[in-house]
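Enquirer: Provided below are the primary sequence and the corresponding predicted coordinates.
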Amino acid sequence: MENLNRRFRLLIVAVLVLSVSACAPKPVIFVAVRESRFRCEGEHGERIKLPLSPESRERLLKFFKNNGDNLSVSTIADPDAERKYRGLLDALGDSRNLVLGDDMSKHIFCDVAAELCRHTSLFAKRQNIRQVIDAREKSPPKIDPITVNDEAYWWVFSHHQVNHQNLLTEVLVMKAIPLRMKR
Amino acid sequence: MHDRLLDALLSVAKVRLVAALRDDRLGFPSDKDLRIFIPDIHLISEKRRREGNFIYASNYTDLLTTVALKLTDLKTQAAPNETIVVYQLGDFLDLWREASGADDQLDVAARIKDDHEELVLALLDDNLNSQFLLGNHDFDLYRWPDYTAWNRRYYLPDTSNAPPSVILLHGDIFDWVELLPDKIQDVFVFLFAPRVQPTQYKLGQMRDLVVQSHGSRSYRSYIQNSEPATLGAVQSGEPDSVPARWNIQAAGSSPPQNLKFLESAYKCCVKANADYDMDLRVAVIGHTHHARIATRETDAGGLFTLIDCGAWIENCIADGDANPMPNAQIAALCGNEARIYQLAPR
């Protein structure tokens, strides 16, 4: 009997916690574009075109080796960068991997970019965020990019419809800010 | 400028005049200032339209894209002393039908835009610089960074400090006036008072009211009108000259549905004029999906005008027409003259 009462009390607590969390204000989730030293871009500050050209691939790899800091003194601040990003950069160089699914509102990035995710585990189970604030632009994006975080970097992908198919067309990569501190 | 707009529309669409009113009492005298109003569009994604079994989808989206591009040309070719502003009057995106209620992740709006890329790019073009109102089907957008500039109302004229004579609203407030009168005081000030900006908390209250107004409706079979909206005596051919007064709805000569919200809008404007020292005599709205210009004499002997700009969803029917036509209307105000046009693809 005591056991039953205890279970009942736990159930009440669980229901109360769930009710309160459901009523709590939901945060607005967005990504802000970082300062230029922490961004990897094309020649004149434009986004990098996809599929990646050999030059763009080198540019990105150099950025990762610099640990996402264009002003890094060391040219190889992250010695593991090539191993970590080689597969993804190769995949971004092949237009077949840039095809997106029909429904880009899915909350998990790899449900949207399944072809790309077949070649990398970096984005596995990561959230797809559509709101990006880029203070350099005159207005918010008309068509919202899809954005994903691999823990170290934000990847902001622009996309475009070609023959009723959504394709990744450009990318902006920038150093991520850890959202939480480990204690 | 009205004629230039008409020429621009005629170059891309079949055009019929729904209503016209030229009257000095409209309170928008400048003939160098053209304001163009695009009413409710209610975009949803194609996938959602199919899976949700919605009877109505947005009408003629390709035509609307072409019209938006034409309006951009018109605007960029305007003389330095001329003003052209395009307003979308709310319910551009139909979040409510897309997600069966509000979704706290904004993916809903992004998904709709993904499916209507050309129209979205045309209407949101920086050169067109459309001004957007939040409607009751997309009110949730107010919380998100992309939509910071979208507003709840605009006033005209807006080029001087003179008290405004025209208010632009989505129009759903008049539902509340009629259905939820005890709730209206809380939000009236944030829709009509020119110098009061709502707090996030008050906007949340307004959102709650919007949600309450939706109730449990799924909008599968219709949104506003189960029958085609009755437009009255729409001109049968393309307009070559526009009379000073055409197809104006008024008490005594028009069916009651053609006067919907006229009294509510009048009373709200009278109250706002008294409370906030304004001179409102014209309300421009969408929401009802029923294009018409309705007028009434004011208690002080003036004229009050409701310009309901119609929609780009559901249907309408003109007197004498055998069949309904898809709603596809655009309205304009310039030089104390208001016009509403019905468009169709050429």
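Expert: The structure has been received and is ready for your questions.
Enquirer: let me see the contact set for B:Ile167.
Expert: When contacts are counted by Cβ atoms under 8 Å, 6 or more residues apart in numbering or on different chains, B:Ile167 touches B:Arg153, B:Tyr154, B:Tyr155, B:Leu156, B:Phe192, B:Cys269, B:Ala272, B:Leu280, B:Val282, B:Ala283, B:Val284. Every C-beta, even on glycine, is put in place using the N, C-alpha and C of the backbone.
Enquirer: wait, doesn't the second one sit right on B:Gln131?
Expert: Yes: using Cβ atoms under 8 Å as the test, B:Tyr154 is close enough to B:Gln131 to be in contact (6.4 Å).
Enquirer: okay, these two: which has more neighbours?
Expert: The neighbour comparison of B:Tyr154 against B:Gln131 (other Cβ atoms under 10 Å in any protein chain shown) goes to B:Tyr154, with 19 against 16.
Enquirer: now do the phi/psi pair for the more buried one.
Expert: B:Tyr154 adopts backbone torsions of phi -130, psi 150, taken as degrees, to the nearest 10.
Enquirer: circling back to that earlier point, pick the one among the contacts of B:Ile167 closest to chain A.
Expert: Chain A lies nearest to B:Tyr154 out of the contacts of B:Ile167, by Cβ to the nearest Cβ, at 18.1 Å.
Enquirer: now the closest one, nearest residue through space, not along the chain?
Expert: Excluding its sequence neighbours, the residue lying closest to B:Tyr154 (Cβ to Cβ, 6 or more residues apart in numbering or on different chains) is B:Leu168, at 4.3 Å.
Enquirer: what strands flank the helix or strand containing B:Ala20, and is each parallel or antiparallel?
Expert: Assigning secondary structure by DSSP states H and E places B:Ala20 in strand B:13-22. Strand partners for strand B:13-22, identified by DSSP bridges, are recorded as strand B:245-246 (antiparallel), strand B:337-345 (antiparallel).
Enquirer: mind listing the helices for the chain?
Expert: All of this is about chain A. With DSSP state H as the criterion, chain A has helices at A:2-23, A:54-65, A:81-92, A:109-112, A:114-117.
Enquirer: look at chain B instead
Expert: B:2-10, B:46-52, B:61-76, B:95-99, B:107-115, B:117-123, B:173-179, B:184-192, B:200-214, B:262-276.
Enquirer: now the third one: average pLDDT?
Expert: Here the mean pLDDT over helix B:61-76 is 97, rounded to a whole number.
Enquirer: roughly how far apart are A:Val132 and chain B?
Expert: According to Cβ to the nearest Cβ, to the nearest Å, A:Val132 and chain B sit 8 Å apart.
Enquirer: what's the neighbour count on that residue?
Expert: Neighbour count of A:Val132, defined by other Cβ under 10 Å: 22.
Enquirer: same deal with B:Asn323?
Expert: 8.
Enquirer: where's it relative to chain A, distance?
Expert: 31 Å.
Enquirer: quick check: the closest residue to B:Glu297 other than its chain neighbours vs chain A, distance?
Expert: Spatial nearest neighbour of B:Glu297, chain neighbours left out: B:Leu303 (6.5 Å); criterion: Cβ to Cβ, 6+ apart. Per Cβ to the nearest Cβ, B:Leu303 is found 38 Å from chain A.
Enquirer: same check on B:Asp23?
Expert: For B:Asp23 relative to chain A (Cβ to the nearest Cβ), the value is 37 Å.
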